[in-house]
Every structure is written in structure tokens, then in C-alpha cells.
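Participant: Structure of the sequence below:
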Amino acid sequence: MPLVSASNAILTVLMVEDSLAVRQAMRAAFEGIPGVRVVGEAEDARRAMRLLRELRPDVLTLDVRLKESYGTEVLRELAKDQMPKKPVIMILTNHVNPYVRSAFRDLGADHFLDKATEFGTACGILERLVAERRNGEARHGS
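Facilitator: So this is what the prediction gives:
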């Protein structure tokens, strides 16, 4: 797995997921993508917001259900935040029904994926964002 330092990272990612095992698997996969660096991890909404403000990642991966909180809390707080650039928001969850998908889209999610069946799609999105950054074409956030 290539190591990406802060200086040569093209795309930074903050992962918000309550399961340590899932976070470890996500980190391994994401950091296996050249140009991607995972800059932080959180298992609840409070830590997620603190790290979002502190690290200002390019991409936020977010689960629907978190430890003692929900991903909706993060999105609502992010919407109120005065960050100059919002991250690309990628929901990775096992809670994939039309109602949940619609609610997260309405709260600003750019992508909504089933982490059990569409994880490869998530990696593909990160690869595309890295390529766009390399080519100077990326739009930062939505």
C-alpha cells in the first residue's frame, strides 16, 4: 500500500464510522489509492465536527448510524458551519432505503452508497476526484 504524506496527498479524507473494523478496512482501501490520504477518523457526530473544522478534508465519508448519534447531526451542523469550502460528502451505510437516501440527499450528501455492495464505487469516486485534482478540474464540494 503506498504511503501518502501530507505534502503529496492530492485528496484528504475524513472517515466517520462507528465500527472500528469497518474504519480499518476503509482506511486500507482508501490509502491504497495513489494520492489519497485519510487524515482522521471519528465514531460520533461531536468528534466528526471537531475534526471537520480542524482538518478541513476534501472528502467526508459518513455512516448513517454513529456511536450515540446519527450522520444527520453531522450534516445539519455542517450546513450551519461557515467553512469556506465544504467537503464532498459520501454516505457509506447499510441503511439503504429510498427514504434514508432522500433524507441524506436533502441534507447535502453528494453520494449515497451501500457499503456492503458499492464500496468499489466509493473507491472509484475517490480515484476520479484525485484524477480531476491532478488535471485541475475538480470542483471542491457541492
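Participant: Rounded mean pLDDT for stretch 87-105, please.
Facilitator: Mean pLDDT, computed over stretch 87-105, is 94.
Participant: Please apply the same query to stretch 71-80.
Facilitator: 94.
Participant: cool, and stretch 115-133?
Facilitator: Rounded mean pLDDT across stretch 115-133 is 95.
Participant: What pLDDT does the model give the residue lying closest to residue 70 once chain neighbours are set aside?
Facilitator: Distances taken as Cβ to Cβ, 6 or more residues apart in numbering put residue 64 closest to residue 70, at 6.5 Å, once the chain neighbours are dropped. Quick note: C-beta positions are derived from backbone N, CA and C, even for glycine. Note on residue 64: pLDDT of 96.
Participant: and residue 64, how many residues sit next to it?
Facilitator: 19 (other Cβ atoms under 10 Å).
Participant: likewise the one 4 residues further on?
Facilitator: Each residue near residue 68 was counted by other Cβ under 10 Å, and the total is 9.
Participant: Would you mind stating the distance between it and residue 46?
Facilitator: 9 Å (Cβ to Cβ, to the nearest Å).
Participant: Same question for residue 100.
Facilitator: Following Cβ to Cβ, the distance that separates residue 100 from residue 46 is 22 Å.
Participant: same check, this time on residue 65
Facilitator: 15 Å.
Participant: and if you look at residue 124?
Facilitator: Distance from residue 124 to residue 46, by Cβ to Cβ: 31 Å.
Participant: Show me which of these two is the more surrounded one.
Facilitator: residue 46 (16 against 12).
Participant: Just to be sure, that one is in a helix?
Facilitator: Yes - counting by DSSP: H, G, I helix; E, B strand; the rest coil, residue 46 is located in a helix.
Participant: Next up, the contacts around it.
Facilitator: Counting by Cβ atoms under 8 Å, 6 or more residues apart in numbering, residue 46 touches residue 69.
Participant: Strands of this structure, residue ranges please.
Facilitator: 11-16, 36-42, 59-62, 65-66, 69-70, 88-93, 111-114 (DSSP state E).
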